[in-house]
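A.B. asks: generate coordinates for the sequence data below:
(one chain, ligands or ions: 1)
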Amino acid sequence: MHQKQLVGEAAARLVENKMVVGLGSGSTVFYTLKKLGSLVSEGLHIQGVATSDKTAELAREFKIPLVNLGAVEHIDIAIDGADEMDPYFNLIKGGGGALLREKMIAKAAKRMVIIADSSKNVEKLGGFLLPVEIIPFGWEMTARHIQRLGGSSKLRLRSDNKPYVTDNKNYILDCNFNFITNPAQLEVSLNMIPGVVENGLFVDVPTDVITILNENVKMFQNLKN
Ligand code: 5RP
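C.D. replies: Got it, this is the predicted structure:
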C-alpha cells in the first residue's frame with residue numbers, strides 16, 4: 001500500500017464517536033477522508049471542519065457531516081498533512097495553498113495529528129519553498145518586505161499564468177530562505193509585515209506525527225505537548 005494511504009488511514013482510526021474533527025488538505029488527507037467516510041457509513045458520528053473548499057467538497061462526496069469552525073467550541077482532533085517536518089516537530093505547510101485555515105483549525109484543536117510520508121522528514125526546514133499568504137493589494141511591496149528578511153519570493157501562478165488565488169481570495173508567495181535556522185523567529189517576523197495574512201511555518205503546535213519508519217507506520221508524540 002502507498003505510504004500516504006497507510007498514514008492517512010491510520011489517522012482516521014484515532015477518531016472516536018461524537019468527535020469534532022479538523023479535516024486537513026492534500027493528497028495524504030484524501031485517504032483519511034475516504035476512510036472516515038466509510039467509518040461514518042458504518043455508524044461513526046462525527047462533525048468535520050474542513051480546512052479548504054476542496055476538502056469540504058471531498059467530505060460531502062464521502063458523506064462526512066460538516067460544521068463551520070465558528071459554530072464549535074473546539075476541535076477534538078485535527079488531522080493534516082505537511083510539506084516538511086524537522087526533528088523538533090516544526091512544519092512547513094501550505095503547498096496546497098490552505099495554510100491559513102489549516103493554522104486556524106490547528107490552533108482550535110485539542111490534538112493535532114500530522115500525517116507525513118517519509119519524504120517529508122528533513123533535518124532542517126527550507127528545502128521546500130515557504131508559502132506565505134498575502135493580500136493582493138500592493139503584493140509586490142509585501143514581496144520586497146519579505147526580501148528584506150533575507151528571502152526571495154515568487155508569486156504562485158496557476159497553469160494559465162494568472163495568480164493563484166486562495167479560498168480566502170488572497171495570493172501566495174513561495175519564499176526561499178535557504179535553510180531556516182530559526183523557524184519561531186521567522187514565523188513571527190513574517191506575520192509582522194503588513195500585507196502578510198499568514199505563513200506556512202507551524203512552530204510549537206502540539207503535534208503528534210504518524211509517519212513511515214523502516215517501512216512501518218509509526219506514531220511519534222511531541223514531548224512539548
Ligand atoms: C496544504 C498542505 C498539505 O497538508 C501539504 O501540502 C501536504 O500535502 P500532501 O499530503 O499532498 O503531500 O499544507 O496546504
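
A.B. asks: now the longest helix seen in the chain, how far from the centre of its chain.
C.D. replies: Using DSSP state H to define each element, the chain has its longest helix at helix 27-41. Helix 27-41 sits 17 Å away from the centroid of its parent chain (C-alpha atoms, centre = their mean, to the nearest Å).

A.B. asks: hmm, the helix or strand following it in reach of the ligand?
C.D. replies: Next along the chain after helix 27-41, taking DSSP states H and E as the criterion, comes strand 47-50. No. Contact of strand 47-50 with the ligand is not found when judged by C-beta under 6 Å from any ligand atom; the minimum separation is 12.1 Å. For the C-beta atoms, the positions are set from N, CA and C on the backbone; glycine is no exception.

A.B. asks: next up, the contacts around the nearest residue to residue 150 once chain neighbours are set aside.
C.D. replies: Setting aside the residues directly before and after it, residue 150 is nearest to residue 177 in space (C-beta to C-beta, 6 or more residues apart in numbering), at 6.2 Å. By C-beta atoms under 8 Å, 6 or more residues apart in numbering, the contact set of residue 177 is 126, 130, 149-151, 186.

A.B. asks: show me these that map onto strands.
C.D. replies: Counting by DSSP state E, the contacts of residue 177 place residue 130 in strands.

A.B. asks: could you dump the contacts of residue 177 to CSV with neighbour count?
C.D. replies: CSV is the format used below for the contacts of residue 177 (neighbours: other C-beta atoms under 10 Å):
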residue, neighbour count
126, 21
130, 28
149, 15
150, 13
151, 21
186, 22
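
A.B. asks: mind putting the contacts of residue 177 into TSV with distance to the ligand and pLDDT?
C.D. replies: Output for those, formatted as TSV (distance: C-beta to the nearest ligand atom, whole Å; pLDDT from 0 to 100):
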residue	distance to the ligand	pLDDT
126	15	97
130	11	98
149	21	97
150	23	96
151	19	93
186	17	98
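
A.B. asks: pick out the most distant pair among the contacts of residue 177.
C.D. replies: Maximum pairwise distance in these, criterion C-beta to C-beta, is 13.0 Å, between 126 and 149.

A.B. asks: thinking again about what came up before, ok, the residue nearest to residue 150 to residue 132 distance?
C.D. replies: Distance, residue 177 to residue 132, using C-beta to C-beta, to the nearest Å: 10 Å.

A.B. asks: swap in residue 146?
C.D. replies: 7 Å.

A.B. asks: please enumerate the shared neighbours of those two.
C.D. replies: Shared contacts of residue 146 and residue 132, defined by C-beta under 8 Å, 6+ apart, comprise 153, 173, 175, 190, 196.

A.B. asks: quick one: residues contacting the second one.
C.D. replies: What it means is residue 173. In this structure, residue 173 makes contact with 131-132, 134, 139, 142-143, 146, 153-156, judged by C-beta under 8 Å, 6+ apart.

A.B. asks: which of these count as buried?
C.D. replies: 131-132, 134, 139, 142-143, 146, 153, 156 (16 or more other C-beta atoms under 10 Å).

A.B. asks: from those, which land in helices?
C.D. replies: Residues of the buried ones among the contacts of residue 173 located in helices (DSSP H): 139, 142-143, 146.
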